[in-house]
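**Student:** would you be able to build a 3D model of this:
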Amino acid sequence: MQNVMNLKRSVSKDETYAVIGLGRFGFALAKRLAEAGKDLIVIDKKESVINNAITFTDNAYVVSDLSKENLRNIGIQDCDTVIVGIGGQIDVSILTTLTVQQLGVPHVIAKATSEEQGCVLEKLGAEVIYPERDMGIRLANRLLAPHVLEYIALSEDVSITEICIPETITTVTVQELNLRQRYRLNIIAIKHGEEVTTDITPNTALYANDIIAVVGRHDQVNRLENDLQKKKR
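**Tutor:** Next comes the predicted model:
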């Protein structure tokens with residue numbers, strides 16, 4: 001194996017993850033998984049990046065050649081989920097994804113930077129993600145809808161959206177707000193200050209600046225946002 005920094009790997013019965021390619025996306029993802037206590041392997045060709053990754057995982061490897069032999073020696077075949085974060089180098093991304101699939105990893109997630117790259121990765125059997133595109137869409141939704149704080153697409157038509165109750169609305173109950181009848185939206189969580197509740201009844205009170213998480217169709221969320229904007233004026 002070429003220039004491999006092999007540190008002691010812990011044995012765990014929990015689900016094991018590997019992140020190959022520690023760019024900004026891969027590094028942030030790996031660090032969050034480690035913070036959640038997951039058994040994690042990280043791989044990158046840059047020693048400086050791996051030196052930083054050592055702060056949150058012992059299973060850090062400097063690898064310049066992502067061959068099947070090298071990945072097998074590291075133990076990639078024993079992982080439950082492998083994330084290939086090499087989006088920019090399309091050929092390396094595709095070959096690495098293929099290799100990981102051939103090693104029998106049950107769940108492979110691959111980052112793509114274009115629809116064409118994503119199409120090839122999907123044909124290999126990987127779950128494809130587009131971090132830059134998805135972040136752009138989320139930012140656009142926030143800019144277009146000032147009351148929307150967070151937006152998670154569940155499908156092309158349905159999303160979970162966090163919406164801030166405007167200051168123009170005083171105390172109101174869930175029943176009085178009547179989002180289900182008016183907009184076909186369901187409230188699944190309410191944040192009041194630092195307190196978050198999912199135990200929601202028709203009599204649950206909502207206050208200005210509370211944050212509600214709703215699930216429903218995008219067009220209905222847009223209708224609600226437009227109505228909130230009108231009440232703000």
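**Student:** tell me how far the closest residue to Ser93 other than its chain neighbours lies from Met135.
**Tutor:** Closest residue in space to Ser93, ignoring its immediate chain neighbours: Ile86 at 4.5 Å, by Cβ to Cβ, 6 or more residues apart in numbering. Where C-beta positions appear, they are placed from N, C-alpha and C, glycine not excepted. Taking Cβ to Cβ, to the nearest Å as the measure, Ile86 falls 18 Å from Met135.
**Student:** neighbour-wise, which of those two wins?
**Tutor:** Neighbours were counted for Ile86 and for Met135 using other Cβ atoms under 10 Å; Ile86 has more, 25 against 11.
**Student:** show the pLDDT at the more buried one.
**Tutor:** Note for Ile86: predicted pLDDT of 91.
**Student:** got the contact list for it?
**Tutor:** Ile20, Gly21, Gly23, Val92, Ser93, Thr96, Lys111 (Cβ atoms under 8 Å, 6 or more residues apart in numbering).
**Student:** out of the residues you listed, which are inside strands?
**Tutor:** In this view, these that belong to strands under DSSP state E are Ile20, Lys111.
**Student:** dihedrals phi and psi, the residue nearest to Lys68 when sequence neighbours are not counted?
**Tutor:** In this structure, Lys68 finds its nearest non-sequential neighbour in Thr99, 5.0 Å apart by Cβ to Cβ, 6+ apart. Thr99 adopts backbone torsions of phi -60, psi -40, taken as degrees, to the nearest 10.
**Student:** how many other residues sit next to Thr99?
**Tutor:** 22.
**Student:** so where do the helices sit in this protein?
**Tutor:** Secondary structure of the chain (DSSP state H): helices located at 24-35, 47-53, 68-74, 90-102, 115-123, 131-144, 174-177, 179-183, 218-232.
**Student:** can you say which of these is nearest to Thr168?
**Tutor:** Comparing these by their distance to Thr168 (Cβ to Cβ), the top pick is helix 218-232, with 5.1 Å.
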